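K.L.:
sequence first, predicted model second:
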Number of protein chains: 2
Amino acid sequence: MELSEDGLVAAIRTVLSGETSGVIVGLGDDAAVVEPGTGSSVLTTDLLVDGVHFERGSTSARDLGAKAIAVNVSDIAAMGASPRYALASLALPSDIEAAWVVELYGGMRAACDEYALALVGGDLSRAERLVISVVILGEVSRGRAVTREGARAGEAIVVTGSLGAAAAGLALSRAPAPVLLAALSAGWARELLDALARPAARVGEGVTLAQCGATAMMDLSDGLAKDLSRLCMASGVGARVRLADVPIPEAVRAAAAALAVDPLEFAVSGGEDYELLATIAPTEVDGARERLRDRFGLALTQVGDIVDGQGLVAVDAHGAESTMEPKGWDHFAG
Amino acid sequence: MELSEDGLVAAIRTVLSGETSGVIVGLGDDAAVVEPGTGSSVLTTDLLVDGVHFERGSTSARDLGAKAIAVNVSDIAAMGASPRYALASLALPSDIEAAWVVELYGGMRAACDEYALALVGGDLSRAERLVISVVILGEVSRGRAVTREGARAGEAIVVTGSLGAAAAGLALSRAPAPVLLAALSAGWARELLDALARPAARVGEGVTLAQCGATAMMDLSDGLAKDLSRLCMASGVGARVRLADVPIPEAVRAAAAALAVDPLEFAVSGGEDYELLATIAPTEVDGARERLRDRFGLALTQVGDIVDGQGLVAVDAHGAESTMEPKGWDHFAG
């Protein structure tokens, strides 16, 4: 198959065919036309750049397509909103085969199906290195969007799921071959590599946390230390984090041991977890935990408290306090 | 100024500060939250890649920012819709200075002001070469979006403004220095270089053409031959174009003479005009022409007719017919 723009658009349209409700004009026109819901519109976009966010040579096209959608859906989820429509643009180097691009769109489509949104447009261009730009239009009831600005002193800091698996997976993927092979034979490496390759966005969880009264929320893309620091800056508050309460999976502890790293490095300063970080009144924590467990089988863990002032304080298992630096994943410095 | 992500976001927020109606959550959160209008939502996105769509070394940051917005607004205009909100993402090489990026956003902001839309979000990333990704959310009355699919045999093919200036400007900018200098001293070169650097999107004109009964519409980004071919394919029709009626500015004829090129090369096969191409009942052409002239001081010219069948036929001044190949600007092959 020749890789002409019109030809590729036709192939992509075939992959993406299937009518979706609310789409009036989909792929192939100047712009997509969709029916908005009755709520507010929520818009987000993320760029994924080869060599910065992923390495094309060591990533499956299907996983990459799914991840490009998921990380954008995660931003919508972090507002307590629901994704509705997506646009996906690609800047493609000339050595990419059409079959690879169609696989990428296949991964995007699978993720769109999973999160119940329609892929309605995009753009194709040339570039020296692959760039993927995804846009998502979502919806939230008026006045119900949860920003980063609402955290107040005395509230609990909670996170969904567990932290550090993607960062541990990244570290493993870069480890010497004998370390990686030993990890794979021990069985826990696959879980970490999957967490890196196929993150899940917490859409229903975000809506539920908003319903449970989350006062501020964001997704953990750059690590707990860095992202909590941003949330606190936006809200004009400080935070105390109890390190012993940070939920760390066994596989992350195993990877940390194999790589001779403190597991908190992965769980606090590692990125790409795409779990939700939220603040909520202490009286609401138990109820929110139960609803997340019952509806989604997912843990909700209190990892600290919002306090007056500014900056993050880490409290270790012995009660010793230290400043938690907002270091973490930085795609920009990367 | 240090070029950290958070620092740059703060600088950009300062450039973009100023409340805009309908924006509930703007820059700096996981996603933007905006009030949708009562109509349908219209979504478009375009990538601009250094070395493909522009050459960073020979482009002003301010012009580039304005153009990145304008070319996306043009896609919204081509649906007969109005732009409301924009997202702008940048992938930046490490050698770009913060001041340059702030200038780029200044150009984006000026263009957003010009087209009355709010820049509400985006993303920053590293890359080896500069990539700009703009998203625009617009609005159109329900059922009033004008697609590429509605053209029917017997209808007139019309274009706004004149064609070929941007392509002539591009050719001039690549001409040997003596040719360029002579053109600049003759006075008409500036008009062509401006057309390339600062294209105007035809928003009011698109809405007016929709009101006048345009049956199909798109913007001319890749040249009349290529874009009309796409419109005809989408509508399942053919077209006859009268070459003598294609509106070509004097400056384009002068550039063609200086470069020893047929001016139709620029006007028919050149890209980046961002004028509107539409089809309309022959009885409506005069009325539409008067409204565009009275409201916007802009010409509307009939350049041919939609016919049954498929493919494009060019008719020259002597009535001789030839096949019009859909060649033109191809950012993808570029």
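P.N.:
Looks like it arrived, so ask away.
K.L.:
domain map for chain A?
P.N.:
Here the domain parsing of chain A from automatic domain parsing is A:5-140, A:156-323.
K.L.:
out of those domains, which gets nearest to chain B?
P.N.:
Smallest distance to chain B across these (Cβ to the nearest Cβ): 3.6 Å, for domain A:5-140. C-beta here means a position set from N, CA and C on the backbone, and glycine is covered the same way.
K.L.:
show the average pLDDT along the closest one.
P.N.:
Per-region confidence: domain A:5-140 scores 88 on mean pLDDT.
K.L.:
for stretch A:269-282, same thing?
P.N.:
For stretch A:269-282, mean pLDDT is 96.
K.L.:
now do the end-to-end distance for it.
P.N.:
End-to-end distance for stretch A:269-282, by Cα to Cα, to the nearest Å: 25 Å.
K.L.:
mind listing what's buried along it?
P.N.:
Residues A:S269, A:G270, A:G271, A:E272, A:D273, A:Y274, A:E275, A:L276, A:L277, A:A278, A:T279, A:I280 are the ones in stretch A:269-282 that count as buried (16 or more other Cβ atoms under 10 Å in any protein chain shown).
K.L.:
quick one: residues contacting the second one.
P.N.:
For A:G270, the residues meeting the contact criterion (Cβ atoms under 8 Å, 6 or more residues apart in numbering or on different chains) are A:L163, A:G164, A:A166, A:A167, A:A168, A:L170, A:G223, A:G328, A:W329.
K.L.:
could you do the fifth one as well?
P.N.:
With contacts defined as Cβ under 8 Å, 6+ apart, A:D273 is in contact with A:G161, A:L163, A:G164, A:A165, A:A166, A:A167, A:A195, A:P199, A:L220, A:S221, A:G223.
K.L.:
mind jotting down where the strands sit in the stretch 1-150 of chain A?
P.N.:
A:23-25, A:32-34, A:40-49, A:82-92, A:118-121, A:124-126, A:131-140 (DSSP state E, counting those that start in this stretch).
K.L.:
in CSV: the ones you listed, plus mean neighbour count and distance to A:A210.
P.N.:
Formatted as CSV, the strands of the stretch 1-150 of chain A follow (neighbours: other Cβ atoms under 10 Å in any protein chain shown; distance: least, Cβ to Cβ, whole Å):
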stretch, mean neighbour count, distance to A:A210
strand A:23-25, 19, 26
strand A:32-34, 28, 23
strand A:40-49, 26, 12
strand A:82-92, 26, 11
strand A:118-121, 27, 23
strand A:124-126, 21, 36
strand A:131-140, 28, 8
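K.L.:
in CSV: those, plus distance to B:V73.
P.N.:
Below are these laid out as CSV (distance: least, Cβ to Cβ, whole Å):
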stretch, distance to B:V73
strand A:23-25, 17
strand A:32-34, 15
strand A:40-49, 16
strand A:82-92, 16
strand A:118-121, 15
strand A:124-126, 18
strand A:131-140, 16
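K.L.:
indicate which one of those is closest to B:E55.
P.N.:
Closest of those to B:E55 is strand A:124-126, at 14.0 Å (criterion: Cβ to Cβ).
K.L.:
what strands line up against that closest one, and which way round?
P.N.:
strand A:82-92 (parallel) (DSSP bridges).
K.L.:
tell me the angle of the strand it pairs with relative to strand A:40-49?
P.N.:
If you take axes from the mean of the first three to the mean of the last three Cα atoms, to 10 degrees, strand A:82-92 sits at 30 degrees to strand A:40-49.
K.L.:
and strand A:82-92, how far from the chain's centre?
P.N.:
How far strand A:82-92 lies from its chain's middle: 15 Å, per Cα atoms, centre = their mean, to the nearest Å.
K.L.:
just the strands in the stretch 201-334 of chain A please.
P.N.:
Under DSSP E, counting those that start in this stretch, the stretch 201-334 of chain A gives strands at A:216-219, A:238-242, A:276-280, A:300-307, A:311-315, A:321-323.
K.L.:
can you name the residues of the stretch 101-250 of chain A that neighbour chain B?
P.N.:
Neighbours of chain B within the stretch 101-250 of chain A, by Cβ under 8 Å from any Cβ of the partner chain: A:120-129, A:131, A:133, A:135-138, A:140, A:142, A:145, A:147-149, A:217-219, A:230, A:234.
K.L.:
how does it look with 6 Å?
P.N.:
Counting by Cβ under 6 Å from any Cβ of the partner chain, the residues of the stretch 101-250 of chain A lying close to chain B are A:123-129, A:131, A:133, A:135, A:145, A:147-148, A:218.
K.L.:
which of the residues you listed lies closest to A:S82?
P.N.:
Closest to A:S82, out of all of those and judged by Cβ to Cβ, is A:A145, at 11.3 Å.
K.L.:
quick check: that closest one touching A:M79?
P.N.:
Yes: A:A145 lies in contact with A:M79 (Cβ atoms under 6 Å); the separation is 4.8 Å.
K.L.:
higher neighbour count, the two?
P.N.:
Per other Cβ atoms under 10 Å in any protein chain shown, whichever of A:A145 and A:M79 has more neighbours is A:M79, with 29 against 24.
K.L.:
and that one, how far is that from A:A32?
P.N.:
21 Å (Cβ to Cβ, to the nearest Å).
K.L.:
separation between the residue nearest the centre of chain A and A:T215?
P.N.:
By Cα atoms, centre = their mean, chain A has its centre lying nearest to A:Y274, at 3.1 Å. Plainly put, A:Y274 is 21 Å away from A:T215 if you go by Cβ to Cβ.
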